[in-house]
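Engineer: Just need the structure, nothing else, for what follows:
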Amino acid sequence: MPDLIATSGSEPLAVPGNLPVDFDPWKRNRVAEKKVRRENFWERMGDAYISLLAAAIAFAYAAGIAHAFSASLREDVQNGVIRNGIGVVPGESAASALVMLGLLAALSLISRLGPVAVDRAQGYWWLSLPVDRMPFLARLLRQRLVATCIYGMLLWLPIGYGTVLGGLSRGNFAGVLLGALSLGLLFVLLSLLAVLAQTRGWGRHFRIALNTACMAVVIAYAADVLLRLTGTGSMAGFWAVLPSTVPAAAQDGAWWIPVLMLAVVAGTFKGSRRHLQRIPSRELVSRGAASAYAGAALALLDDKSLSVAIDQAGGGETRRSVARQERIRRRGGDAFSRMLPASRARGPYSALVRAEALVLLRAPKVWRGLLAGWGVPAAGIFAVQGGHPLVLGTLVVVGSCVAAKAASTAAAQAADVPSLESIIPLGRSAMRQAHAAVAAMLLVPWGIVLAAFLAWAVSAEAASLVMLLVLGALAGAGLAAGAVRLAYRPALDWGSVMLLAALGQATGPMIQHFAYGYDVMVVAVIALVAGLFLNPLPPTLLVIAAVVAAIAWGVGTSVSVNSKAHGLDGRIS
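Structural biologist: Residues are numbered from 1 along each chain as shown. A predicted model of the protein is given here:
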């Protein structure tokens, strides 16, 4: 095309007066592919049958877990381990706060990955043509919105079914479906809100607003706890007006809610279509690359790569961060580097420990992860359901894994640079020991603080308090080893997995790959969880916890891998 000059990664430059032609490339392709699609009809029907069967099996497992969980709660609710007067937040208010945080987290993820995006081939081919891109982008957006709605519906099915079984809400199976549809449409509305921010170029400010909203929900929950503990009031009215209550209201019989939401979604989508042309091509391609990266990591069950994909999506340095780096360069360092001066480093081991400690201290997501890991059991304790041993133990394990994953940030960065081990004059085992030592500097105090809080919550005796604090310290050391094991998780050996899949034995290796690292974390926390339920606390539990921590440290810092899921690649990593 002589009238069009296009460069890779930039907008097409058209000669003045050369308006886009009325041509839809995708519509032309759909006509050409119609015959092929008719021939492959039964093949697609088989794929749909397999997908529906897999969804039915997943729902059956989720429903069984929800039924067993609610039955366990109903068996002996009065024998909770939490002291009286702490579980003050009603279940519906706690559920509203939890669902609201989930919605905000999902909206943040959606805004990072798009929601309007194209892959590299589409971006550098279709978007360089002098055609109207609006029908093309609208079709892609519609596909993403449908997928988002389905994911939201599947997410609500176990939640709604579990609340009905637990007696937290009314309704039947039809009501659960209405609630699932409402949550799916709510996700779609949130996606359209992200589309508005994307078309206006508000992406970074939009994510800042989402982080502020998440912090506001957490502060509101803490304020509700304080008000209820002191008997001065509550924030039940605040939780009742949040959008997170919409699925529960639809499940209780408000059938008009999903109908109204469907009409709002249709009108909002129609109004958003004409603004899609304003999104720059570079933005579309970068979001598509991030989405492809995240999708591949999810398909490989590699949550570490998934976190990296999400963190890098929508990245780029802001003026504020650039100015901060310039100030640090002029001053010769920041407060953390002055706390840990390089002059105190003696040898490669201490230099490595100092460098990784600075990485952890400077990373905001590390502190957010540690705070979230402590907040998960705390939020459950202040809710009514937190008094049950099963719920409390689950929350402590989940919170510990969240905190340990945050503390693995520095080790994960080192694991992504294999040449680092050849540069630093330390053995591979010593490198892992250094990574675990740095993580333990954060997780051991974190475990002691968590143990002290849990001891207060369960009304532990003075004689058991010191033992619980020691159990918290040992749990922190084991979590540090699990964090290093997670950071150095080997790549999945698909040759071995496909061979086992032919024999119908691929599920075990896939689960083993996903649980790599988390298995050590869970084992390291068991002694602390057991100490909360034993009264009096036996001294032999400390010996068992010390042995478990030592074994966890050895396993987490080991350089050898014996796993069917990782094959030869894992054994030579």
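Engineer: From Ser305, how far out is Asn416?
Structural biologist: That one is not Asn; residue 416 is Asp. 10 Å (Cβ to Cβ, to the nearest Å). The way it works is simple: take the backbone N, C-alpha and C, and place the C-beta from them, glycine included.
Engineer: Name the residue in the two with the higher neighbour count.
Structural biologist: Using other Cβ atoms under 10 Å, the more surrounded residue of Asp416 and Ser305 is Ser305, with 19 against 12.
Engineer: Quick check: closest non-adjacent residue to that one.
Structural biologist: Closest residue in space to Ser305, ignoring its immediate chain neighbours: Ala297 at 3.8 Å, by Cβ to Cβ, 6 or more residues apart in numbering.
Engineer: okay, now that neighbour: neighbour count?
Structural biologist: Other residues near Ala297 come to 18 when the count uses other Cβ under 10 Å.
Engineer: Test my guess that Ile424 contacts Ser350.
Structural biologist: No - contact criterion Cβ atoms under 8 Å: Ile424 and Ser350 do not qualify, at 11.5 Å.
Engineer: What are the buried residues along the helix or strand hosting Ile526?
Structural biologist: Using DSSP states H and E, Ile526 falls within helix 518-533. Neighbour-count burial for helix 518-533, counted by 16 or more other Cβ atoms under 10 Å, picks out 518-532.
Engineer: between whatever helix or strand comes next after it and helix 518-533, how many degrees?
Structural biologist: Downstream of helix 518-533, the first helix or strand assigned by DSSP H and E is helix 540-556. Helix 540-556 and helix 518-533 are oriented at 170 degrees to each other (axes from the mean of the first three to the mean of the last three Cα atoms, to 10 degrees).
Engineer: which regions of the stretch 101-250 of the chain lie under the pLDDT threshold?
Structural biologist: With pLDDT under 70 as the threshold, the stretch 101-250 of the chain has low-confidence stretches at 162-163, 165-171.
Engineer: how does it look with 80?
Structural biologist: 114, 119-135, 157-173, 201, 203-204, 231 (pLDDT under 80).
Engineer: all helices of it, in order?
Structural biologist: Using DSSP state H, counting those that start in this stretch, the helices of the stretch 101-250 of the chain run over residues 120-125, 134-165, 173-200, 203-230, 236-240, 246-251.
Engineer: got the buried residues for the second one?
Structural biologist: Just to be clear, that refers to helix 134-165. The neighbour-count check on helix 134-165 (16+ other Cβ under 10 Å) flags 134-138, 140-141, 144-145, 148-149, 152-165 as buried.
Engineer: can you pull the pLDDT of the closest residue to Val525 other than its chain neighbours?
Structural biologist: Closest residue to Val525 in three dimensions, ignoring its sequence neighbours and counting by Cβ to Cβ, 6+ apart: Ser400, at 4.7 Å. Confidence at Ser400, expressed as pLDDT, is 92.
Engineer: Thought Ala475 was touching Ser400, still the case?
Structural biologist: Yes - with contacts counted by Cβ under 8 Å, Ser400 reaches Ala475, the gap being 6.9 Å.
Engineer: Which residues are in contact with each of these two?
Structural biologist: The contact sets of Ser400 and Ala475 overlap at 447, 524-525 (Cβ atoms under 8 Å, 6 or more residues apart in numbering).
Engineer: ok, back up a step: so what secondary structure elements neighbour whatever helix or strand the residue nearest to Ser305 lives in?
Structural biologist: Using DSSP H and E, Ala297 maps to helix 281-299. Here helix 281-299 touches helix 120-125, helix 303-312, going by 3 or more Cβ pairs under 8 Å, 6 or more residues apart in numbering; DSSP states H and E.
Engineer: Quick check: buried residues in that helix?
Structural biologist: 281, 283-291, 293-294, 297.
Engineer: what mean pLDDT does stretch 434-443 have?
Structural biologist: Stretch 434-443 comes out at a mean pLDDT of 89.
Engineer: contacts for it?
Structural biologist: Residues from elsewhere that reach stretch 434-443 (Cβ under 8 Å, 6+ apart): 349, 352-353, 356-357, 360, 366, 370, 403-404, 407-408, 410-411, 414, 426, 476-477, 479-481, 483-484, 487, 553, 556-557.
Engineer: how about the CA coordinates for it, as CSV?
Structural biologist: Output in CSV follows, covering the C-alpha atoms of stretch 434-443 (Å, rounded to 0.1, in the frame of the first residue of the first chain):
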residue,chain,number,x,y,z
ALA,A,434,21.5,-17.8,52.3
HIS,A,435,18.1,-17.4,50.6
ALA,A,436,16.4,-19.3,53.4
ALA,A,437,18.2,-17.2,56.1
VAL,A,438,17.0,-14.0,54.5
ALA,A,439,13.4,-15.3,54.3
ALA,A,440,13.7,-16.4,58.0
MET,A,441,14.6,-12.9,59.1
LEU,A,442,11.1,-11.9,58.1
LEU,A,443,9.1,-15.0,58.8
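Engineer: any idea how far Leu468 lies from Ala550?
Structural biologist: In this structure, Leu468 and Ala550 are 19 Å apart, going by Cβ to Cβ.
Engineer: any idea how far Lys405 is from the spatially most central residue of the chain?
Structural biologist: Centroid-nearest residue in the chain: Ser307, 7.4 Å away (criterion: Cα atoms, centre = their mean). Counting by Cβ to Cβ, the gap from Ser307 to Lys405 is 8 Å.
Engineer: circling back to that earlier point, what about the residue nearest to Val525, helix or strand, and which?
Structural biologist: Counting by DSSP H and E, the element that carries Ser400 is helix 389-407.
Engineer: quick one: that helix to helix 518-533, angle?
Structural biologist: Orientation of helix 389-407 against helix 518-533 (the same axes, to 10 degrees) gives an angle of 140 degrees.
Engineer: List the buried residues of the helix or strand just after helix 389-407.
Structural biologist: Using DSSP H and E, the helix or strand that follows helix 389-407 in sequence is helix 409-415. For helix 409-415, a neighbour-count test (16+ other Cβ under 10 Å) marks 409-412, 414-415 as buried.
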